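>>> Below are the sequence and a predicted model for it; my questions follow.
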Amino acid sequence: MTDTALPKSRKGSIWMMLLVLITLAACATAGYSYWRMKQEPASAQTKAPEPPPAPVFYALDTFTVNLGDADRVLYIGITLRLKDDATRQRLSEFLPEVRSRLLLLFSRQDGAALATDEGKQKLVEAIKNTLAPPLVAGQPQQAVSDVLYTAFILR
């Protein structure tokens, strides 16, 4: 009788220890899962970089101009990329002066120079420099970030 009593108490204590260990492991897993769920929204809250503002374009009617050498004609259409909507509004209000500045600039160009890519790039820089000064005293300068050709015919 004494032989059977000893293994039963040992079996009961092993099962009890195993049950305590499983319970502790389950509690630890549940605690870690809860902590992980609470931490994830904080990392998800990191702000993505804001997209850049939409570009502001201002299309001008095409120009037909006699070049410096009288037998050459330039037919050119341009669109201006501007910094903001306020600049577009100013250019729109003073459109006759803008067109006049550009017509004078285009009429001073040399046909042979405009036939090359380098000449076209120089014309882009000249357009930016021509439009940059204030249209009326007291106004800010026009910020033209780029000039895009929409038509370019040189005859």
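Received the coordinates, thanks.
>>> ok so K47 is a helix residue?
No. K47: not assigned to a helix; according to DSSP: H, G, I helix; E, B strand; the rest coil it is coil.
>>> which intervals of this protein have sub-threshold pLDDT?
Low-confidence segments of the chain (pLDDT under 70): 1-9, 40-46, 69-70.
>>> In it, what residue spans correspond to helices?
2-44, 85-93, 95-107, 111-114, 117-131 (DSSP state H).
>>> wait, which of those is closest to R155?
Of all the helices of the chain, helix 111-114 sits nearest to R155, with 8.7 Å by Cβ to Cβ. In short, each C-beta sits where N, CA and C put it, glycine included.
>>> and the closest one, how far from the chain's centre?
35 Å (Cα atoms, centre = their mean, to the nearest Å).
>>> Which other helices and strands does it contact?
helix 117-131 (3 or more Cβ pairs under 8 Å, 6 or more residues apart in numbering; DSSP states H and E).
>>> Kindly format the C-alpha coordinates of the helix it packs on as CSV.
Extracted in CSV, the C-alpha atoms of helix 117-131 (Å, rounded to 0.1, in the frame of the first residue of the first chain):
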residue,chain,number,x,y,z
ASP,A,117,18.3,73.8,-78.2
GLU,A,118,20.8,76.1,-76.4
GLY,A,119,19.1,79.1,-77.9
LYS,A,120,15.7,77.9,-76.7
GLN,A,121,17.0,77.4,-73.2
LYS,A,122,18.4,80.9,-73.2
LEU,A,123,15.1,82.2,-74.4
VAL,A,124,13.4,80.5,-71.4
GLU,A,125,15.8,82.3,-69.0
ALA,A,126,15.2,85.6,-70.8
ILE,A,127,11.4,85.1,-70.4
LYS,A,128,11.9,84.5,-66.7
ASN,A,129,14.1,87.6,-66.3
THR,A,130,11.7,89.7,-68.4
LEU,A,131,8.7,88.8,-66.3
